[in-house]
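S.K.: sequence unavailable; structure follows:
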């Protein structure tokens, strides 16, 4: 699948429906709200569900008080939903979105000056730029294609930078960058070269969240518990094992085996576990209360993000660039998300979250948590889409659905099994309208009337 298509699918699946509903309610005539009517709005709920451990890490790494941290998480969630709606409505003129500061001020870029009114009406600051996001992503796709043919030397990473409206190539020197650009055959006018001394590497055979062992020896970490039909398991980094690799848990008891794994190229995998292991929508809180995962809405560039790992515990920073390509000794990985969060050996495969929203699993990086560094995560929505997995969240029914041999005919509507819905999304089913209460991926048997924990009739 093309990188741009994968990004679009993951983002749209998790946020577009909610955003379109929110903007439709506002009519794009005033400041749009990403929250449906009611006191317990999704952004308020996102702020309230921030765990004590994550709050403490945000205080230490981002200099925020508890009140400021909760406020920021809620505002970033709202901004992500509004931006997704604008991406859909702006179409080919959309040139990216970002948030800035503790107030999560939303900026949305467009190539069409006539669209600035639509953007400001939705409550965002408009920015007119020269290149659409689609055009910049096409340049990055050409670089990715060149890297797959031959791993670039002394070029650790490249990405679309929506702030500068360019594709940024980080390279050890100009000659390395020029050789890479020549191979890809891309226009220099759309590229900015930065000098970089980074030497990112995959954090293989190490642990991030709860530890597990591969073939009784190497060690990695669980990213997020998932379910595929009636089969329980978890997602993790692809470099931790190949299909067929057996796993044991942190208690050294038999756990499961890798069902599928991709590395390099991507860095995700999923492990199916035996009946002794029950998936919970939790991330290790390291003595400060476990974090309950409520969904997987992708946050914007500039948003806060935190990582849980067994070596260094909770550490926080910001999302610098999504849809990044990074070169490890084993090859190029794309797309990953580049962050300012630090990581060390032992944190590989661990969970990246923004508030209570799952973002991805730790892939690799450079630096450490003493001097600081850069860490990349593989977006979790990509793994869910590729492997057909359901992320375990607070809204996921405890008992997995059972699919009848001959499923009954659906009574009609926009609800569909296999679709990922964000809190606040609206669907129709059987002639009625329902609002999503908890982010989840719909499964057969989870029709809105059947699961009041997930859907509320409006």
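M.R.: Right, received. Where do you want to start? A quick note: this is a predicted structure, and the numbers were derived from the prediction, not measured. Residues are numbered from 1 along each chain as shown.
S.K.: buried residues in stretch 247-264?
M.R.: Buried residues in stretch 247-264, counted by 16 or more other Cβ atoms under 10 Å: 247-250, 255-259, 261-264. Placement of C-beta: from N, CA and C, glycine included.
S.K.: and the end-to-end length of that stretch?
M.R.: 21 Å (Cα to Cα, to the nearest Å).
S.K.: from the buried residues of stretch 247-264, which ones fall inside strands?
M.R.: 247, 248, 249, 255, 256, 257, 258, 259, 261, 262 (DSSP state E).
S.K.: from these, pick the one nearest residue 380.
M.R.: Of all these, residue 380 sits closest to residue 262, with 13.8 Å by Cβ to Cβ.
S.K.: if I look at that closest one, how far off is residue 420?
M.R.: 20 Å (Cβ to Cβ, to the nearest Å).
S.K.: and if you look at residue 81?
M.R.: 14 Å.
S.K.: tell me which of these two has more neighbours.
M.R.: Shown here are residue 81 and residue 420; by other Cβ atoms under 10 Å, residue 81 has more neighbours (30 against 24).
S.K.: is it true that the more buried one touches residue 295?
M.R.: No. With contact defined as Cβ atoms under 8 Å, residue 81 does not count as touching residue 295 (11.0 Å).
S.K.: what do these two both touch?
M.R.: Both residue 81 and residue 295 are in contact with residue 422, where contact means Cβ atoms under 8 Å, 6 or more residues apart in numbering.
S.K.: show me where the stretch 301-450 of the chain has strands.
M.R.: Per DSSP state E, counting those that start in this stretch, the stretch 301-450 of the chain carries strands over the ranges 304-309, 313-328, 331-339, 351-354, 357-368, 372-379, 390-391, 420-421, 426-429, 432-436, 440-441.
S.K.: likewise the stretch 101-250 of the chain?
M.R.: Using DSSP E, counting those that start in this stretch, strands in the stretch 101-250 of the chain cover 105-110, 125-128, 157-161, 166-171, 191-195, 201-202, 211-214, 218-221, 224-228, 231-236, 246-249.
S.K.: adding mean pLDDT and distance to residue 58, write these out as CSV.
M.R.: As requested, those are exported to CSV (pLDDT from 0 to 100; distance: least, Cβ to Cβ, whole Å):
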stretch, mean pLDDT, distance to residue 58
strand 105-110, 97, 18
strand 125-128, 97, 24
strand 157-161, 96, 24
strand 166-171, 96, 27
strand 191-195, 95, 28
strand 201-202, 68, 27
strand 211-214, 84, 25
strand 218-221, 82, 21
strand 224-228, 92, 20
strand 231-236, 92, 24
strand 246-249, 89, 30
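S.K.: turn the ones you listed into a markdown table, including distance to residue 47.
M.R.: Below are the strands of the stretch 101-250 of the chain laid out as a markdown table (distance: least, Cβ to Cβ, whole Å):
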| stretch | distance to residue 47 |
| --- | --- |
| strand 105-110 | 16 |
| strand 125-128 | 22 |
| strand 157-161 | 29 |
| strand 166-171 | 32 |
| strand 191-195 | 35 |
| strand 201-202 | 34 |
| strand 211-214 | 31 |
| strand 218-221 | 27 |
| strand 224-228 | 21 |
| strand 231-236 | 26 |
| strand 246-249 | 33 |
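S.K.: winner for burial among these?
M.R.: Comparing those by mean neighbour count (mean count of other Cβ atoms under 10 Å), strand 157-161 ranks first with a mean of 26.
S.K.: quick one, helices of this structure?
M.R.: 3-11, 17-26, 42-48, 52-62, 66-90, 116-121, 133-149, 174-184, 380-387 (DSSP state H).
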